[in-house]
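**Student:** need coordinates for the following:
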Amino acid sequence: MLVGTVAIVGRPNVGKSTVFNRMIGERVSIVDDTPGVTRDRIYGKCEWLTKSFNLIDTGGLQIEDQPFQVEIKAQVDIAVEEADTIIMLTDVRDGVTNDDIFIARMLQKTNKKVILAVNKVDDISFMSSVYEFYSLGLGDPIAISSLQSIGMGDLLDAILDSLEGKPVKKKEGLISFAVIGRPNVGKSSLVNAILNQQRVIVSDVSGTTRDAINTPFTRDGKDYVVIDTAGIRKRGRIYENIEKYAVLRAMRAIDNCDVVLFVLDATTGIIEQDKHVVGYAIEAGKGIIIVYNKWDTVEKDHTTMNTITKEIREQFVYLDYAPIVFVSALNKSRIQNLFPLIDEVYQYSQFRVQTSLLNEVIADAQITTPPPAHKGRKLKINYCNQVSVAPPTFVMFVNDEDLMHFSYQRYLENRIRDAFDFTGNPIRIIARKKN
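**Tutor:** Below you'll find the model as predicted:
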């Protein structure tokens, strides 16, 4: 269960990234082996005691050619805006510095919960120095060593305590979709076309806000929220220099949505950055629709759409399940084609397969194409069950999970799709040894 967002702030070289990496652990992305799909380490998910929260390392938000205090202020501002709880990280070996005092005073002016952590307490000889940090006025300091993992459990406990009682936004009856893509592909134009086309009726559904990012509206009696990652209020040129800030906001939007509209630009074609952007949505397990924008700029004949569809499929081989829509946000053409797909992709993200039917499909798949032998042994799937939705996740109980080869897993995924569709949604398969 996701319970909130936590940001780590502090002056340079206090170990922010080390704490970040220690807390998120070695969580391997499902797309790690796919060329062109990477995971930005500025943002991760931490799991502790059956609960999880998003973690932001503001140390990755660096501003070139800016005085230190300007950079720190920008990092703290971002943390305050994005996070429910803030960890202020300090270094026991340096003691309380003027920069620590500067950051602490900034944090005291916010309404956020702040946890003070003193890093690099690698052995007991440093413990007496921790008491100096009471002078920052941020409460009891927690002594940790990110290098040796000392005190990390205490810090994680404090984080969960701080997030306790955080209100959870209710989205019953709402479908939220995020518009993502690299800069200048037409995200805001697409959002405006969607809203203008429908003559916006803003709903007063609890848990939604009308601001620069989340816009509720109603279409054909259905409630939606569109999340525009390009609609961030600009706070001056300094933020425009932080490339990763935009990435952070896009990832936050992806976390908060049900369906992702992944926008491509017809005028520039597909570039490597497009693959990075959609990688976050794939890892988050979201339903995805590929939106090929600026269709009005393309010289067309009767084969053009098929040719471009083939190119998209070749460039995004790991998105073969995502439907493709060709639109012009500028001319508001073909926008109406988006909503049936948004509804369909959302419905499949919530769809549960009857267990008996699922096992029939898996049994037939094994008869039609038996698993290949590995060192004289063959995979045998005894039983399969769907354990969750969004994304649809299936556990297969097998004689030996090591015998589940990637290629055969992909074959099983295709058989599940043939039987139950799951348009626009990634399917996750987990092999588990039968006890």
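**Student:** okay, now the unreliable bits of this protein?
**Tutor:** 1-2, 26-42, 59-69, 71-72, 75, 166-173, 197-213, 230-249 (pLDDT under 70).
**Student:** can you list the domain ranges for it.
**Tutor:** Per the record, the chain has its domains at 2-163, 174-349, 355-433, by automatic domain parsing.
**Student:** output those in a markdown table; the columns should cover mean neighbour count.
**Tutor:** (C-beta placed from N, C-alpha, C; glycine too.) Output for the domains of the chain, formatted as a markdown table (neighbours: other Cβ atoms under 10 Å):
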| stretch | mean neighbour count |
| --- | --- |
| domain 2-163 | 18 |
| domain 174-349 | 18 |
| domain 355-433 | 16 |
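**Student:** quick one: the helices in the stretch 151-300 of the chain?
**Tutor:** Under the criterion DSSP state H, counting those that start in this stretch, helices of the stretch 151-300 of the chain are mapped to 152-163, 187-197, 237-240, 243-256, 272-283.
**Student:** let me have the ones you listed in a markdown table, adding distance to Asp400 as columns.
**Tutor:** Output for these, formatted as a markdown table (distance: least, Cβ to Cβ, whole Å):
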| stretch | distance to Asp400 |
| --- | --- |
| helix 152-163 | 34 |
| helix 187-197 | 46 |
| helix 237-240 | 52 |
| helix 243-256 | 35 |
| helix 272-283 | 27 |
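**Student:** for Asp364, which of those is the nearest?
**Tutor:** Asp364 lies closest to helix 272-283 among the helices of the stretch 151-300 of the chain, at 28.3 Å (Cβ to Cβ).
**Student:** roughly how far apart are the closest residue to Leu156 other than its chain neighbours and Met23?
**Tutor:** Leaving aside its chain neighbours, Leu156 sits nearest to Trp48 (4.4 Å; criterion: Cβ to Cβ, 6 or more residues apart in numbering). According to Cβ to Cβ, to the nearest Å, Trp48 stands 8 Å off from Met23.
**Student:** what touches both of those two?
**Tutor:** Here Trp48 and Met23 share the contacting residues Leu156, scored by Cβ atoms under 8 Å, 6 or more residues apart in numbering.
**Student:** coming back round to it: of all the helices of the stretch 151-300 of the chain, which one is nearest Asn414?
**Tutor:** Comparison of these against Asn414 by Cβ to Cβ identifies helix 272-283 as nearest, at 17.2 Å.
**Student:** which other helices and strands contact that closest one?
**Tutor:** When contacts are defined as 3 or more Cβ pairs under 8 Å, 6 or more residues apart in numbering; DSSP states H and E, helix 272-283 sits against strand 174-180, helix 243-256, strand 259-265, strand 287-293.
**Student:** can you tell me which of those comes nearest to Leu136?
**Tutor:** Per Cβ to Cβ, nearest to Leu136 of the helices and strands packed on helix 272-283: helix 243-256, 26.3 Å.
**Student:** residues contacting the nearest residue to Ile101 once chain neighbours are set aside?
**Tutor:** The spatially closest residue to Ile101, leaving aside those adjacent along the chain, is Leu136, at 6.8 Å (Cβ to Cβ, 6+ apart). With contact taken as Cβ under 8 Å, 6+ apart, Leu136 is in contact with Met88, Thr90, Val96, Asp100, Ile101, Ala104, Leu116.
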